[in-house]
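Q: Build me a structure from this.
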Amino acid sequence: MLSPSSPARTAGTFNAISNLLPREVTEMERLGIPADALAGPTPVKASYIVFDNGGFEFEHHHKHGVEGVRAFLFLVSDSLGLARDVVAWAPQMNRLATWLGLAWALGEELAYRPRLSDGLPVWRSPVEWLRARRDGLCLVRSHVAAHYLDCAGPLLAEDAAHGAELRQLLTRPAPRILIPSSSRKTA
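A: Modelled structure (predicted):
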């Protein structure tokens, strides 16, 4: 039996999702997203989902019969090409979320690949990431991405303001340090 987060089950669930409707393709093209960016290497799909505590569930899997929102879905793979997670993007709500809580960025499989460019592009939103034909990353969970991006730099921000935003998002606080009471000196 497959575990809920097995690559085969994740890929199977994603592959069962409907392709984009023609009106959705037209909507994306109006945003300046080229059709080939929607087509692959793994196609962008769409379904109805319900957002929950930091993630989402597919509407047809939701236990409470809550009506979902239409969202664009992306399969996130690891560096070996194995399915890791599904990311939902609901532009009408300006919201990104993961299904299994494993993905930290769209394009994360590119983080450690060799590159000839000056830096790894990081985009503010899926629109810019898709306009760039999926070159680089779009952060989904920045607090997790900070761990993975420590050794993946330099990062290429969209502009100075975005660079400052990334610095803040990706700066991890130092762990709390405790000193045993037996080591303290008395005054």
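Q: CA only for contacts and neighbour counts going forward, please
A: Will do.
Q: what bits of this protein have low per-residue confidence?
A: 1-5, 61-62, 65, 183-187 (pLDDT under 70).
Q: which outside residues touch the longest helix seen in it?
A: In the chain, with assignment by DSSP state H, the single longest helix is helix 160-170. Here helix 160-170 makes contact (CA atoms under 8 Å, 6 or more residues apart in numbering) with 124, 142-143, 145-146, 156-157.
Q: For ChimeraX, write a command that selects the buried ones of these.
A: Of those, the buried ones go into a single ChimeraX selection, burial set by 16 or more other CA atoms under 10 Å:
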select :124,142,145,146,156,157
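Q: before we move on, back to that, how far out from the middle of the chain is the longest helix of the chain?
A: 17 Å (CA atoms, centre = their mean, to the nearest Å).
Q: That helix: which residues count as buried?
A: Residues of helix 160-170 classed as buried by neighbour count (16+ other CA under 10 Å): 166, 169-170.
Q: rewinding a little: nearest to Thr98, out of the contacts of helix 160-170: which one, please.
A: Checking those against Thr98 with CA to CA, the nearest one is Ser142 at 12.4 Å.
Q: contacting residues for the closest one?
A: Listed by CA under 8 Å, 6+ apart, the contact partners of Ser142 are 104-105, 169-170.
Q: re earlier: make JSON lines out of the buried residues of helix 160-170 and add distance to Val25.
A: Output for the buried residues of helix 160-170, formatted as JSON lines (distance: CA to CA, whole Å):
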{"residue": "Leu166", "distance to Val25": "30"}
{"residue": "Leu169", "distance to Val25": "32"}
{"residue": "Leu170", "distance to Val25": "33"}
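Q: related to what we said a few turns ago, which of the contacts of helix 160-170 fall within strands?
A: Judged by DSSP state E, the contacts of helix 160-170 include Leu156 as members of strands.
Q: Spell out which two among the contacts of helix 160-170 are the most distant pair, please.
A: His143 and Leu156, at 18.2 Å, using CA to CA across the contacts of helix 160-170.
Q: now the nearest residue to Gly136 once chain neighbours are set aside, which residues is it bridged with?
A: Of all residues not flanking Gly136 in the chain, Pro121 sits nearest, at 4.5 Å (CA to CA, 6 or more residues apart in numbering). Pro121 forms beta bridges with Leu156, as assigned by DSSP bridges.
Q: and Pro121, how far is that from Ala164?
A: Distance from Pro121 to Ala164, counting by CA to CA, to the nearest Å: 14 Å.
Q: repeat for Ser182
A: 42 Å.
Q: Over to Gly40?
A: Distance, Gly40 to Ala164, by CA to CA: 31 Å.
Q: Which stretches in the protein count as strands?
A: Under DSSP E, the chain gives strands at 45-51, 56-58, 69-77, 83-90, 95-98, 105-106, 120-123, 137-139, 155-156.
Q: Mind exporting the C-alpha coordinates of the fifth one to CSV?
A: Listed in CSV are the C-alpha atoms of strand 95-98, where the atom choice follows Å, rounded to 0.1, in the frame of the first residue of the first chain:
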residue,chain,number,x,y,z
ARG,A,95,-3.0,32.6,-2.1
LEU,A,96,-0.5,29.8,-2.5
ALA,A,97,-0.6,26.6,-0.4
THR,A,98,0.7,23.0,-0.5
